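Undergrad: Sequence plus the predicted model coming up.
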Amino acid sequence: MKDKSMQFNTKTIHGGQKPDDAYGSVMPPIYQTSTYAQSTPGGHKGYEYSRSANPTRTALENSLASIENGNYGLAFASGLAAIDAVIKLLQPGDEVISTNDLYGGSYRLFTKIFENFGVKFHFVGMSETEKISEHINEKTRLIWVETPTNPMMNIIDIRKVAEIARDHNLLLAVDNTFATPYLQQPLDLGADLVMHSATKYLGGHSDVVLGALVVKDKELADKLYFIQNASGAVAGPMDSFLVLRGIKTLHIRMQRHSENGRAVAEYLAQHPAIEKVYWPGFEDHPNHDIARSQMKDFGGMISFVTKDNDFQKAIRIVESLKVFTLAESLGGVESLAGHPASMTHASIPKEVREKSGVVDSLIRLSVGIEDERDLIADLEQAIG
């Protein structure tokens, strides 16, 4: 069966995969090697040095391409390494339009590293897509989108942004980490490139750090493969194996993440001590209709603030949780809680953070796949 005729749940297990040629191993072996024997100079079996390519990484990259309905996948040492490769497509003087509510590490990479090399970034609230065109000029080369955004869960209309990008001959890249290809497939909505921090939902077990890119266009893929090899921030074979293992249960994990996310969001929304809950599944969430049209479900990422907007109370809540673990990252089977202002988004200046809603009292939850009753009881005892 060809990948394109497979349903998503089948692709997570079989997409881009085949039994190993040597002994028929169902799971790709971990080819823990740096180099490969050659019969004559340049005479090899497709692999010569593991920075350039490794069979275990190839298996993962084929799987990534399959589940995102792309043609080419690339695996990197981290999500930020994948983003780094994308920005290296640009030249000094080029400009990028990025959503203003995005992962703090992405903001830090853009402003502290690439702005020093002459790339200019405009941070725009893209929930209203018409704001994007105001910043396009002859130097614009790339639009960078997160949707849902981190941590405010803002929804951006990928189809409309793709139209803008096409009209101006720009690349459109979408960070699909929060939604995953189970919930949302940006390439099918018009994006040129999809990025994942595969550390999160794709790996799914909080035991690996890895990044991914997926594209359809061969010319773009070739440029990225060159950067991947030349810059060297590649995923190792063990990490590739772990993410490939995680992808095989992505569909059933995302179903439970989404079910539990709904239950927790609805509980928080009726809690007398909670001022606001940010979750795209609510009908009054900004751009909920767009979320419903481009996503299969609404996921397990939730942010909220208490009514008194008290920094110390937010800290007390996250420190009091027992089932939720206070930790960086997200997307694992276990539920995690974080305080963005002092953790994931601490690298963003306070005045910039707060303009996008990341106030000091904001708490972000990554709702895992435990029993929803235990999660709600934990929040009840912590919030009081």
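TA: Great, that's in hand.

Undergrad: CA only for contacts and neighbour counts going forward, please
TA: OK.

Undergrad: list the buried ones in the helix or strand harbouring Leu172?
TA: Assigned by DSSP states H and E, Leu172 belongs to strand 171-175. Across strand 171-175, burial judged by 16 or more other Cα atoms under 10 Å covers Leu171, Leu172, Ala173, Val174, Asp175.

Undergrad: Include pLDDT and distance to Asn287 when you put these into TSV, please.
TA: Listed next are those as TSV, based on pLDDT from 0 to 100; distance: Cα to Cα, whole Å:
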residue	pLDDT	distance to Asn287
Leu171	98	23
Leu172	98	20
Ala173	98	20
Val174	98	17
Asp175	98	18
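
Undergrad: Name the nearest of the residues you listed relative to Val215.
TA: The shortest gap between Val215 and any of those belongs to Ala173, at 9.5 Å (Cα to Cα).

Undergrad: Quick one: residues contacting the closest one.
TA: Contact partners of Ala173, counting by Cα atoms under 8 Å, 6 or more residues apart in numbering, are Leu142, Ile143, Trp144, Val145, Ala191, Asp192, Leu193, Val194, Met195.

Undergrad: Make sure I have this right: the second one is in a strand.
TA: Yes - when the secondary structure is assigned by DSSP: H, G, I helix; E, B strand; the rest coil, Ile143 falls within a strand.

Undergrad: just use 14 as the starting number from now, easier for me
TA: Shifting the count to begin at 14 puts that one at Ile156.

Undergrad: wait, doesn't it sit right on Asn182?
TA: No - if you go by Cα atoms under 8 Å, Ile156 and Asn182 don't touch, sitting 10.7 Å apart.

Undergrad: What ranges does the stretch 214-363 of the chain have for its helices?
TA: In the stretch 214-363 of the chain, the segments counted as helices under DSSP state H, counting those that start in this stretch are 231-244, 250-260, 263-282, 301-307, 324-333, 363-368.

Undergrad: can you tell which of those helices is closest to Ser374?
TA: helix 324-333 (4.6 Å).

Undergrad: How about residues contacting the closest one?
TA: 318-319, 339, 350-352, 373-376, 394-396.

Undergrad: Mind pulling up the pLDDT for the residue of the chain positioned farthest from its centre?
TA: Within the chain, the residue lying farthest from the chain centre (Cα atoms, centre = their mean) is Thr53, at 42.2 Å. Note on Thr53: pLDDT of 94.

Undergrad: Please report phi then psi for it.
TA: phi -160, psi 160 (degrees, to the nearest 10).

Undergrad: Then Gln198?
TA: According to degrees, to the nearest 10, Gln198 has phi -130, psi 90.

Undergrad: so who does it touch?
TA: Applying Cα under 8 Å, 6+ apart, the residues contacting Gln198 are Glu81, Asn82, Gln307.

Undergrad: so how far is Leu73 from it?
TA: Distance of Gln198 to Leu73, computed by Cα to Cα, to the nearest Å: 18 Å.

Undergrad: coming back round to it: now the strand holding Leu185, how far from the centre of its chain.
TA: Offset of strand 184-188 from its chain centre (Cα atoms, centre = their mean, to the nearest Å): 11 Å.

Undergrad: Stretch 230-244 too?
TA: So, by Cα atoms, centre = their mean, the centroid of stretch 230-244 is 20 Å from its chain's centroid.

Undergrad: which residues are in contact with that stretch?
TA: Counting by Cα under 8 Å, 6+ apart, 64-65, 84-85, 87, 89, 98-99, 101-102, 205, 228, 247 sit against stretch 230-244.

Undergrad: May I see the PyMOL selection of the buried members of the contacts of helix 324-333?
TA: Buried residues among those (16+ other Cα under 10 Å), as a PyMOL selection:
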select buried, resi 318+319+339+350+351+352+373+374+375+376+395+396
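
Undergrad: neighbour-wise, which of the contacts of Gln198 leads?
TA: Glu81 (26 neighbours; other Cα atoms under 10 Å).

Undergrad: what's the spacing between it and Lys213?
TA: 16 Å.

Undergrad: swap in Met19?
TA: In terms of Cα to Cα, Met19 sits 24 Å off from Lys213.

Undergrad: Looking at the two, which one has more neighbours?
TA: With neighbours defined as other Cα under 10 Å, Met19 and Lys213 compare such that Lys213 has more, 26 against 15.

Undergrad: That one reaches Gly345, doesn't it?
TA: Yes - shown here, Lys213 and Gly345 form a contact pair, counting by Cα under 8 Å, at 6.2 Å.

Undergrad: residues shared between the contacts of the two?
TA: In contact with both Lys213 and Gly345: Ser219, using Cα under 8 Å, 6+ apart.

Undergrad: So what's the residue count around His181?
TA: 15.

Undergrad: now Ser306
TA: 12.

Undergrad: Quick check: the gap between Met139 and Leu202.
TA: Counting by Cα to Cα - Met139 and Leu202 are separated by 16 Å.
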